[in-house]
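1. below is the sequence, then the predicted model.
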Amino acid sequence: MTTFKDVLDVCRDLEYMGTRYGDASTPPEDPQDISGEIKEIDGRVFRTIITAGYKHLAENKDELNKINVFPIPDADTGNNMKLALRSGVLNQLYEPIDHLQEAVAKFAEDALMAGQGNSGTVLSHFFITLSAELAARGKSAKVPVAVFAECLEKCGADIHSSFPADKVKEGTIVSVVRKSTKLAAGAFGTLKELAEVWEAQAKTALYETPDELEVDGVYVLKEARAKDPSIDSDSGAKGFFYFVQGLGLACQKLISLDGVAGKGAASRKLTEAEFSAAAEVFDGSEKHQYCTECVIALKEGGTKEAVEEKLKDPKFGDSMVVVAAPAADGNSTLCKVHIHSDEPESVFDLLTKEFSATKIPLKVKSDDMRRQVEDSKRSYDPETFKVTMIMDSTSQLGRWASTSYGHVPVVCTIRGEPYSCSIDPPNANVVEFLNKTRHEEIPCGTAAPPVLAFRKVFEKALEIPDKPVFCMTLNKHMSVTHNNALEARAQLSEADQKRIHIVDHGYMFGPCVPFASVLLDAASKGYDIDQLLKLFEELRSRGYYSVFMNTTSVMRLVKHGRVPKEVGDKIGNLPDEMFCMPMGTTPAEGPPPLDYVKCAGSLKNKPSEPVAGPGAKLKGYRVMLEKLRDALKPGEVVRDFCYAEFARADTSNVILDLAKEVLGDKLVGSTHMWEPFLAIAAVAAWGGGFFSYWIDDGKTSRPV
């Protein structure tokens, strides 16, 4: 019988349809069959090694998230390791390099740029060292398997240098990499022989981790396993084991490499772990709040060691990992820093001023680890809902809720190529792309989900007996998303049409996330379709949002026709950091117009009280929050406050802290940090801010 999981499978498959890696004009390279007697490693064989390792790791991503205990139980190790490898693997498949050292150098650079978290950064260091070892052996186009094994052992021996000496922990990915790669003495004749020994040694080292990982006298993994028996090892260490095991499976022809670049996606099914939110398994708390990462091109004379020495100062944080590698073009050295910090801005400022060859870092990111831990405790079971919930992918409540409702993906076009617009698209790293837009003008735009996409999701949802469908979409005045959903429904039988209820939330994005939060909560508490439609209508006239645009953001909106040209003409050439234009609605203007065209039109003569000068953005936030506070009537409160400065959790939380200060006890209930997705780059620029909410006057039918 069809279940909601099957609906999610269709939604996930749609993320591949028509996307850059799912339907490109040039098909991806088919990985070479390595089940035979492979005696030399060239670029093609290396391509299969990393593809098999990545595929097997990715298939076990959710287990890695679930058993994530150390150093922070934030349920993201699998995600981080997958992201570290994904873009590099896809680049190798679409732009194959047959020269071994050149292929490894490019893959190492991709891994350095894309890697996140401790384990992702350690993985990137592994391949950086492999590239350096191959370069030291003459930059060969291919090497015998025995030489490749020697290089792997060098990678293992050097892996500890990705951490300061006093921070290396046994019982983690570091010890498993080191122990498993003691391979030089093997004198291997074939890749299959190497794979068998490497996997066996990795497995042995993996199951030693509970007896090794000790923090302040506590064996962390053993303690966690007493609460959850599924925690049999360190998550990062197990991720590396799965990578190695993937190679072994490929050598035995026991793993299919279809679907890695978007092919064969229809055969994928969600696992129980992917369907359910990751369980919280550890009661400890991290003393620093933000997982902070920065990639720079080192200025002349700058070294990895000098960066490490500066960041050892406790004021910057702890859990530091620093890796460095030659850029693929050979013209510079890239340096990546991962550190847990309470002040990411101080880390970025230090690296930019003292070590970076460019005025803007190549990549910055901060994640709120405490919020991630809290989110990992939240979940819904959509199988118990009386209604199947469907929304377009701009209603991104967060990863914790992403398996509670079906997403019909909006498309983001980048340099003319389509990509799925979701939190975690199968073919792009959102944070990496947003960082790139700071350094170059990248043509991008958006496109509505096609009629066929909605129809596929509707048809699968209708297979669930006795459940109507609730579908919420973008504003019909600024996107054809809503009309495409209506057309998809019109193509179905009359009886099926009556089961599908499509609503337009009336905004560009704005309150759709707070609305999604309330509606999902109601569905989880047993609301039927009539109750949900009534609640939606109540919310629709109570939702508000504020978007804070710098100069680049405003001009981008003008270019895309989202804001009148007259608005752009008024701004001039003010630097981004010296200009903020709040846009949107507050209760001070009365009920929301529910028509973004009217909102934009109202800006023709007055660009919504722009703020110029130092601290413009913070002043802009305060202006809109004070307008909101002053407009609240007795008995009214602000609920489901959603906020973001994309890719920067630390500056995002500045908005929340200011909201708490200005609104006081008028800000109630859950808050949501909006996660970035690709379409943001099409309508806004780096550094812009956003918040949305709805006003509760106590007269709605929301669940209590």
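-> It's in.

2. quick one: the most centrally placed residue in the chain from N435, how far?
-> Compute the mean C-alpha point of the chain, and by Cα atoms, centre = their mean the closest residue is D424, 4.9 Å away. Note on D424: its distance to N435, by Cβ to Cβ, to the nearest Å, is 17 Å. For glycine as for every other residue, the C-beta is placed from the backbone atoms N, C-alpha and C.

3. same check on S393?
-> Distance of S393 to N435, computed by Cβ to Cβ: 21 Å.

4. quick check: buried residues in stretch 89-103?
-> The neighbour-count check on stretch 89-103 (16 or more other Cβ atoms under 10 Å) flags V89, L90, N91, Q92, L93, Y94, I97, H99, L100, Q101, E102, A103 as buried.

5. next, count neighbours for S393.
-> S393: 27 surrounding residues under other Cβ atoms under 10 Å.

6. quick one: pLDDT of it?
-> pLDDT recorded at S393 is 85.

7. from what I see, it and S422 are in contact.
-> Yes. Between S393 and S422 there is a contact under Cβ atoms under 8 Å: 4.9 Å.

8. what about the most far-flung residue of the chain relative to its centre, distance to A205?
-> Distance from the C-alpha centroid of the chain peaks at A187, with 41.5 Å (Cα atoms, centre = their mean). Between A187 and A205 the computed distance is 21 Å (Cβ to Cβ).

9. same check, this time on V480
-> Separation of V480 from A205 (Cβ to Cβ): 55 Å.

10. between those two, which one's more packed in?
-> Taking neighbours as other Cβ under 10 Å, V480 and A205 compare with A205 leading, 23 against 17.

11. which element is that one on?
-> In the assignment (DSSP states H and E), A205 maps to helix 191-206.

12. quick one: contacts of that helix?
-> Residues outside helix 191-206 that contact it (Cβ atoms under 8 Å, 6 or more residues apart in numbering) are 34-35, 37-39, 41, 45, 145, 148-149, 152, 175-176, 179-183, 186, 188, 233-234, 237-238, 240-241, 244-245, 247-248, 251-252.

13. which of these fall in strands?
-> The strands, defined by DSSP state E, take in I41 from those.

14. and the contacts of helix 191-206, which are buried?
-> Buried among these by 16+ other Cβ under 10 Å: 34, 38, 41, 45, 145, 148-149, 152, 175-176, 179-183, 186, 188, 233-234, 237-238, 240-241, 244-245, 247-248, 251.

15. need the buried residues of stretch 89-103 in CSV (columns: distance to H338, pLDDT and secondary structure).
-> Shown next, in CSV, are these (distance: Cβ to Cβ, whole Å; pLDDT from 0 to 100; DSSP: H, G, I helix; E, B strand; the rest coil):
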residue, distance to H338, pLDDT, secondary structure
V89, 21, 90, helix
L90, 23, 85, helix
N91, 22, 85, helix
Q92, 24, 90, helix
L93, 27, 88, helix
Y94, 28, 83, helix
I97, 27, 93, coil
H99, 30, 95, coil
L100, 28, 96, helix
Q101, 26, 93, helix
E102, 27, 94, helix
A103, 25, 95, helix
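
16. just the buried positions in stretch 332-350, please.
-> Neighbour counts using 16+ other Cβ under 10 Å place 332-341, 343-345, 347-348, 350 of stretch 332-350 among the buried residues.

17. next one: stretch 433-452
-> Under the neighbour-count criterion of 16+ other Cβ under 10 Å, stretch 433-452 has 433-438, 444-451 buried.

18. repeat that for stretch 211-228.
-> Buried residues in stretch 211-228, counted by 16+ other Cβ under 10 Å: E212, L213, V220, L221, E223, A224, R225.

19. just the helices in the stretch 401-550 of the chain please.
-> With DSSP state H, counting those that start in this stretch applied, the stretch 401-550 of the chain shows helices at 430-436, 451-462, 481-490, 494-499, 512-524, 529-540, listed in chain order.

20. just those helices: most buried one?
-> Neighbour counts (mean count of other Cβ atoms under 10 Å) averaged over each of these peak at helix 512-524, with a mean of 24.

21. tell me the contacts of the closest residue to V147 other than its chain neighbours?
-> Closest residue to V147 apart from its sequence neighbours, by Cβ to Cβ, 6 or more residues apart in numbering: R137 at 6.8 Å. The contact partners of R137, by Cβ under 8 Å, 6+ apart, come to V143, V147, C151.

22. what does S235 give?
-> Counting by Cβ under 8 Å, 6+ apart, S235 makes contact with L64, N65, I67, N68, V69, F70, T77, G78, S119.

23. how confident was the prediction at it?
-> On the pLDDT scale, S235 is placed at 93.

24. now the common contact residues for S393 and S422.
-> Contacts common to S393 and S422, judged by Cβ under 8 Å, 6+ apart, are H407, P409, F677.

25. which of the residues you listed fall in strands?
-> Judged by DSSP E, these include H407 as members of strands.

26. reformat the shared contacts of S393 and S422 as JSON lines; add pLDDT and neighbour count.
-> Supplementary listing: the shared contacts of S393 and S422 in JSON lines, determined by pLDDT from 0 to 100; neighbours: other Cβ atoms under 10 Å:
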{"residue": "H407", "pLDDT": "87", "neighbour count": "25"}
{"residue": "P409", "pLDDT": "85", "neighbour count": "26"}
{"residue": "F677", "pLDDT": "76", "neighbour count": "25"}
